[in-house]
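Chemist: build me a model from this:
(chains A, B and C)
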Amino acid sequence: MNEFQERVYAVILAIPPGRVASYGAIAARAGLPGRARLVGRLMGEVPDGMTLPWFRVLRASGQIAFPAGSRGFREQSRLLKAEGVEVRNGRVPLSRFGLDADIDRAIWGMF
DNA sequence: GCCATGGCTAGTA
DNA sequence: GCCATGGCTAGTA
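Modeler: Okay, here's the model as predicted:
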């Protein structure tokens, strides 16, 4: 696991329950702006035994990245709703559930 | 090539 | 929708 990978996981771990962040935002906060797709790939490479709140990560539009109706799509929807996040038509209103300023500042300061 | 992305535009209502 | 991007992987030679 390289340093960027560890940073990405650390940033995702810092997203509090009931909040979400985009792939691009995570990449930027982990120190590599513009690497949103890399974050998506790393999500599929989480080491065994590591628990990650992967379902709090969405597209920049607030949409769930999995194809609508897929297993991953339903699971992500379910987990988000379970912690009070509103999901309608596979989309979360970022204005209400995105990171608040204090948390975001703390995450930027992590590295 | 492929993709768990993102940004910007054309075309409809 | 479409195209640009970045990084990894399958498949050929």
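
Chemist: tell me the residue of chain A that sits nearest DNA strand C?
Modeler: Closest residue of chain A to DNA strand C, C-beta to the nearest atom of the strand: residue A:37 (3.7 Å). From N, CA and C alone the C-beta is placed, and that goes for glycine too.

Chemist: which residues touch that residue?
Modeler: Contacts for residue A:37 were tallied using C-beta atoms under 8 Å, 6 or more residues apart in numbering; they are residue A:23.

Chemist: for stretch A:57-70, buried residues please.
Modeler: Residues of stretch A:57-70 classed as buried by neighbour count (16 or more other C-beta atoms under 10 Å): A:57, A:58, A:59, A:62, A:63, A:64, A:65.

Chemist: and the pLDDT for residue A:17?
Modeler: You'll see residue A:17 listed with a pLDDT of 98.

Chemist: ok, which stretches of chain A are strands?
Modeler: Counting by DSSP state E, chain A has strands at residues A:21-22, A:57-58.

Chemist: turn these into TSV, columns for distance to DNA strand B and mean pLDDT.
Modeler: Formatted as TSV, the strands of chain A follow (distance: least, C-beta to the nearest atom of the strand, whole Å; pLDDT from 0 to 100):
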stretch	distance to DNA strand B	mean pLDDT
strand A:21-22	4	96
strand A:57-58	6	96
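
Chemist: right, and out of the buried residues of stretch A:57-70, which lies closest to residue A:96?
Modeler: Residue A:96 lies nearest to residue A:62 out of these, by C-beta to C-beta, at 9.9 Å.
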